[in-house]
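# what's the 3D shape of this:
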Amino acid sequence: MSKWMLSVLAVLAAPALAEQAEVYLVASVQLGGSNLAQSIFLHEPQITTLEACQEAVRVGQRDRDWQRYHHIFMRDRFQGFTGHLDYRCVLSTQRFSAWHDRARYNHPYLISIDEQANLQVERISSQAQCATRLKGLTPARQAISRCAVGNQSVL
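Presented below is the predicted three-dimensional model:
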C-alpha cells in the first residue's frame, strides 16, 4: 500500500479513535440534605470494561485500600455533616485532566449518566446556574443528572 493511501486511512480513522469510549470511575460525595456535591473522574488505562471497574470498586470499598482508582476524600472537611459517597463506573468519550486531591473544586458541572452507563459532562458557569439548568430538563433527564463541582477540566 502506498504512503499516500496509508495517510488517507490514518486521517479517516483518527475521528473514530478519538470518539472511542473509555471506562471511568465517577466518585462523588454529596453533603447530606443538600444539593452540594463534589465529583471526580478517575481513569485507569488497564481497566477496560465496566465489570473490571465495578470489581475494583468492590475491592476498594471492602479492603478500604484503593489499589486501583486511588483517591481520598477529605472527610475531616465534613465534620458535623453527613457525606454520602457514590461510585459509578461509566463509559465516556470525554477526557478529563488528572485529579489532584488538594486542587480547588471550582469547576461546576452538570453530570448525566444514562441507563447504558454513558457519561456526559457539561461545564456550567456556576452552581446556581447548574441547579436552574437541571430544573429545566425533562423529568427523564433530571432523573439521570446532577450538579457537582470538580477540580478537573474537561479536555
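
# just for this protein, where's the confidence low?
The chain contains residues with pLDDT under 70 at 1-18, 70, 72-81.

# residues near residue 46, how many?
Residues contacting residue 46 under the criterion other Cβ atoms under 10 Å number 8. In this view, the C-beta of every residue, glycine as well, is placed from N, C-alpha and C.

# let me know the secondary structure of it.
At residue 46 the chain is in coil, as set by DSSP: H, G, I helix; E, B strand; the rest coil.

# list the contacts of it.
By Cβ atoms under 8 Å, 6 or more residues apart in numbering, no residues touch residue 46.

# go on, residue 130?
Residue 130 neighbours (Cβ under 8 Å, 6+ apart): 108, 109, 110, 124, 147.

# repeat for residue 129
Counting by Cβ under 8 Å, 6+ apart, residue 129 touches residue 108.

# quick one: it from residue 21, how far?
From residue 129 across to residue 21, the span is 28 Å (Cβ to Cβ, to the nearest Å).

# how about the helices in this structure?
For the chain, the helices defined by DSSP state H cover 3-18, 50-63, 127-135, 139-143.

# what is the burial count for the closest residue to residue 32 other than its chain neighbours?
Distances taken as Cβ to Cβ, 6 or more residues apart in numbering place residue 82 nearest to residue 32, at 3.3 Å, with adjacent residues excluded. The tally of other residues near residue 82 (other Cβ under 10 Å) stands at 10.

# thought residue 82 was touching residue 29?
No. Look at residue 82 against residue 29 with Cβ atoms under 8 Å: they stay out of range, at 10.3 Å.

# right, and residue 88 touches residue 39 too?
No. Residue 88 lies out of contact with residue 39 (Cβ under 8 Å); the separation is 9.4 Å.

# neighbour-wise, which of these two wins?
Comparing residue 88 with residue 39 by other Cβ under 10 Å, the one with more neighbours is residue 39, at 23 against 18.
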